[in-house]
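[1] how does the following fold in three dimensions:
(chains A and B)
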Amino acid sequence: MADVLQILPQQLVFGLALGTVYGLIALGYTMVYGVLLMINFAHGEIFMIGAYVGWGVLTALLNAQVGGLHPAWVVPLLLLHAMLVAGLLGVCLERFAYRPLYLRGATRLGPLISAVGASIFLQNAVMVTQGARMKVYMTSLLFPRGWRIQVAGASISALVIVMIMVAGLMMWGLHELVQRTTLGRSIRAVAEDRETAAIMGVNVRRVIAVTFFLGSALGGAAGVLVGLYYTQIDFYMGYSAGLKAFTAAVLGGIGNIKGAMLGGLVLGLVESLAVTFGNPAYKDVVAFIILILTLVFRPTGILGENVAEREKV
Amino acid sequence: MLRLTDVVTHYGPIRVLKAVTLEVRAGEIVCLLGGNASGKSTTMKTILGVVRPTAGRVEFEDRRIDRLPTEAIVRRGVSLVPESRRIFARMTVWENLAMGAFTRQKAPAGELAEDFERVYTLFPRLSERQHQLGGTLSGGEQQMLAVGRALMARPRLLLMDEPSMGLAPALVDQVFDIIQTINRQGTTILVVEQNAAVALSIANRGYVLQNGRIVVHDTARALLAADHIRRAYLGED
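    Predicted structure coming up:
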């Protein structure tokens, strides 16, 4: 037990880092659900492609033998590329895989099936073009092993600090955007009442596309962070990360932006505590037990709105 | 100012508007009467481009608008107070009003401030509750907010869909007073109402819509006097 308590602070830091990343991915699910009432099951693949884009840029930098790779400019560069590609990919998905369905008045099941199809397509496209073997992020060249600080018995690497900061900053930025800007207001308006938003002169299709861009870009950024952290990526990584982030979104209350962040944090912390106190082999099971318990006992999630009340409006 | 000529609108295979022809002249208050499912709300949504007509023309200030996106129509000076208010319950009063000015993002800040001021002067209650969520307002306050929100677009033509629905009688009078005030300030108004007696009492002219067609149109005074109208829409035997 003493051993366990000794590694607890360390595990909590891991949990926090993991949780912010889950939260970042969960935002993509929850934002799209907010405006379209649809689960974008291809979001995990967008995250995976973000990781590949980051890997591609990092590898290109290494191959070009640019001297003095410093995370202060390399990490933003990786993030920027991954976010742009992931964001545009999300917009394309919406345009070609979902919009034709919802414009024709398909039931909510139609786009869902289309999303599963898109997910399989993207996985295979990456496998065919990039090969089925895993790729390695040369994180150690960017963040030397010695870069770490000791806090309350935990040894925190610079990378983990960067992860938490980047994810936190993005969540804060998104929150400000959604709460304080005209664009954010129009996203909330479409989420609450699409027709009335249109009556105000909001271009609903454009808002939906922008929402896909934002959510997907955050997923792409999470891909880079996970790649740097675990150092190995493969074309299948979006599957379990996607499911876990989806769990986080449901846990926080699907459609609720703060809920996604909170759900991600809770899930990350619970997972790392489960590893600390239980059998690490059951790590992934924990996420799904949480999903089932949430669905059974509090289907609206921690911060979710009462759905019946929403219908009334 | 606004002219609809033989407008036909479908919801899927169902023809809701069969041939609607009506005109609203600048400065008027025009009332559109009709029973349930006669196509009143659809007429409003068709004017604003929220649903597209399948035939016919909609012209605003002598320009055709039936092919324009809603956004462009709002920008030209038409705005709608939708049926059952439809305010954004999870936004504050201020944010709801800001949504009303959505198409005017490039307007100088001073101009927008003036518009907020105008709405707050018309509805002092909204000013007190600026930071409250829309969903926490009473029915009457929500109606004020819906009207205020539509005014934030600086419309030259204001469409109002059942502004008195679900309001206590005292509030109904208040809403119609406000409609007259807004009209006197220079906004033309087309109002859909079930409460025909009150609506006709402030309107210049009225149209009766039945089954997707305009069946009667006349001055408000004549409609109030006509026997069959009294029987059908004023609830008199």
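[2] after the longest helix seen in chain B comes which helix or strand?
    Longest helix of chain B, by residue count under DSSP state H: helix B:169-184. Following helix B:169-184 in sequence order, the next helix or strand is strand B:188-192 (DSSP states H and E).
[3] report the backbone C-alpha coordinates of that following strand in CSV.
    Output of strand B:188-192 as CSV, limited to C-alpha atoms (Å, rounded to 0.1, in the frame of the first residue of the first chain):
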residue,chain,number,x,y,z
THR,B,188,-44.5,48.6,-41.8
ILE,B,189,-46.2,45.6,-40.2
LEU,B,190,-47.7,42.4,-41.4
VAL,B,191,-49.3,40.6,-38.5
VAL,B,192,-50.8,37.1,-38.4
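[4] in stretch B:155-172, what counts as buried?
    Of all the residues in stretch B:155-172, those buried under the rule 16 or more other C-beta atoms under 10 Å in any protein chain shown are B:155-165, B:167, B:171-172. Any C-beta I mention is one placed from the backbone N, CA and C, and that applies to glycine too.
[5] now, which of the residues you listed lie close to chain A?
    Among those, none lies close to chain A by the criterion of C-beta under 8 Å from any C-beta of the partner chain.
[6] for the residues you listed, could you give me a markdown table that also reports pLDDT?
    Listed next are these as a markdown table, based on pLDDT from 0 to 100:
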| residue | pLDDT |
| --- | --- |
| B:155 | 94 |
| B:156 | 95 |
| B:157 | 96 |
| B:158 | 96 |
| B:159 | 96 |
| B:160 | 94 |
| B:161 | 93 |
| B:162 | 90 |
| B:163 | 89 |
| B:164 | 87 |
| B:165 | 86 |
| B:167 | 85 |
| B:171 | 86 |
| B:172 | 89 |
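[7] packing partners of the helix or strand encompassing residue A:29?
    Residue A:29 belongs to helix A:2-36 when assigned by DSSP H and E. Contacts defined by 3 or more C-beta pairs under 8 Å, 6 or more residues apart in numbering or on different chains; DSSP states H and E place helix A:2-36 against helix A:43-63, strand A:154-157, helix A:158-180, helix A:182-192, helix A:204-230, helix A:237-252, helix A:257-277.
[8] downstream of the fifth one, the next helix or strand is which one?
    Using DSSP H and E, the helix or strand that directly follows helix A:204-230 along the chain is strand A:232-233.
[9] ok, and what's touching that following strand?
    A:48, A:51-52, A:55, A:134-137, A:223, A:226-227 (C-beta atoms under 8 Å, 6 or more residues apart in numbering or on different chains).
[10] chain B contacts on the stretch 1-150 of chain A?
    Residues of the stretch 1-150 of chain A lying near chain B (C-beta under 8 Å from any C-beta): residue A:105.
[11] and for the stretch 151-300 of chain A?
    So far as C-beta under 8 Å from any C-beta goes, the stretch 151-300 of chain A lies against chain B at A:182, A:185-186, A:188-189, A:192-193, A:195-203.
[12] now for those, which pair is the farthest apart?
    A:182 and A:195 (19.3 Å; C-beta to C-beta).
[13] what about the chain, any weak spots by pLDDT?
    No chain was given, so I picked chain A. A:1-2, A:67, A:305-313 (pLDDT under 70).
[14] you answered for a different chain; I wanted chain B.
    Within chain B, the stretches with pLDDT under 70 are B:233-237.
[15] where do the helices sit along it?
    B:40-47, B:70-75, B:93-100, B:109-122, B:124-128, B:139-151, B:169-184, B:196-202, B:220-225, B:227-233.
[16] now tabulate those helices in JSON lines and tack on distance to residue A:110.
    Output for those, formatted as JSON lines (distance: least, C-beta to C-beta, whole Å):
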{"stretch": "helix B:40-47", "distance to residue A:110": "25"}
{"stretch": "helix B:70-75", "distance to residue A:110": "25"}
{"stretch": "helix B:93-100", "distance to residue A:110": "30"}
{"stretch": "helix B:109-122", "distance to residue A:110": "41"}
{"stretch": "helix B:124-128", "distance to residue A:110": "41"}
{"stretch": "helix B:139-151", "distance to residue A:110": "34"}
{"stretch": "helix B:169-184", "distance to residue A:110": "42"}
{"stretch": "helix B:196-202", "distance to residue A:110": "43"}
{"stretch": "helix B:220-225", "distance to residue A:110": "48"}
{"stretch": "helix B:227-233", "distance to residue A:110": "43"}
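[17] I'd like to know which of those is closest to residue A:295.
    helix B:93-100 (32.1 Å).
[18] in the closest one, which residues are buried?
    So for helix B:93-100, counting by 16+ other C-beta under 10 Å, buried means B:93-100.
[19] and for residue 10, the neighbour number?
    Defaulting to chain A. For residue A:10, the count of nearby residues is 16 (other C-beta atoms under 10 Å in any protein chain shown).
[20] my bad, chain B
    15.
[21] what distance do you get for it to chain A?
    According to C-beta to the nearest C-beta, to the nearest Å, residue B:10 stands 13 Å off from chain A.
[22] my read is that that residue contacts residue B:54, right?
    Yes - Residue B:10 lies in contact with residue B:54 (C-beta atoms under 8 Å); the separation is 5.2 Å.
[23] and what about whatever residue of the stretch 1-150 of chain A ends up closest to chain B, helix, strand or coil?
    Nearest to chain B, among the residues of the stretch 1-150 of chain A, is residue A:105, at 7.9 Å (C-beta to the nearest C-beta). Assigned by DSSP: H, G, I helix; E, B strand; the rest coil, the conformation of residue A:105 is coil.
[24] excluding its backbone neighbours, what's nearest it?
    Ranked by C-beta to C-beta, 6 or more residues apart in numbering or on different chains and with sequence neighbours excluded, the top spatial neighbour of residue A:105 is residue B:12, at 7.9 Å.
[25] the one you found - how many residues pack around it?
    For residue B:12, using other C-beta under 10 Å, the count is 7.
[26] could you measure from it over to residue A:104?
    For residue B:12, the distance to residue A:104 (C-beta to C-beta, to the nearest Å) stands at 11 Å.
[27] and if you look at residue B:226?
    45 Å.
[28] give me the more crowded residue out of those two.
    Set residue B:226 next to residue A:104 and count neighbours by other C-beta under 10 Å: residue B:226 wins out with 16 against 8.
[29] not counting sequence-adjacent ones, nearest residue to that one?
    residue B:218 (7.3 Å).
[30] what bridges to that neighbour?
    residue B:206 (DSSP bridges).
[31] contacts only, for it.
    B:205-206, B:226.
[32] can we see that at 10 Å?
    Residue B:218 sits next to B:205-208, B:224-226, B:229 when contact means C-beta atoms under 10 Å, 6 or more residues apart in numbering or on different chains.
[33] ChimeraX command for the buried members of those residues?
    Burial among the contacts of residue B:218 is assessed by 16+ other C-beta under 10 Å; the matching ChimeraX selection reads:
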select /B:205,206,207,208,224,226,229
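[34] JSON lines for the contacts of residue B:218, including distance to residue A:31?
    As requested, the contacts of residue B:218 are exported to JSON lines (distance: C-beta to C-beta, whole Å):
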{"residue": "B:205", "distance to residue A:31": "47"}
{"residue": "B:206", "distance to residue A:31": "46"}
{"residue": "B:207", "distance to residue A:31": "44"}
{"residue": "B:208", "distance to residue A:31": "46"}
{"residue": "B:224", "distance to residue A:31": "52"}
{"residue": "B:225", "distance to residue A:31": "57"}
{"residue": "B:226", "distance to residue A:31": "55"}
{"residue": "B:229", "distance to residue A:31": "51"}
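[35] what about the residue nearest the centre of chain B, distance to chain A?
    Note on chain B: the residue nearest the mean C-alpha position is residue B:160, at 1.6 Å, using C-alpha atoms, centre = their mean. Separation of residue B:160 from chain A (C-beta to the nearest C-beta): 12 Å.
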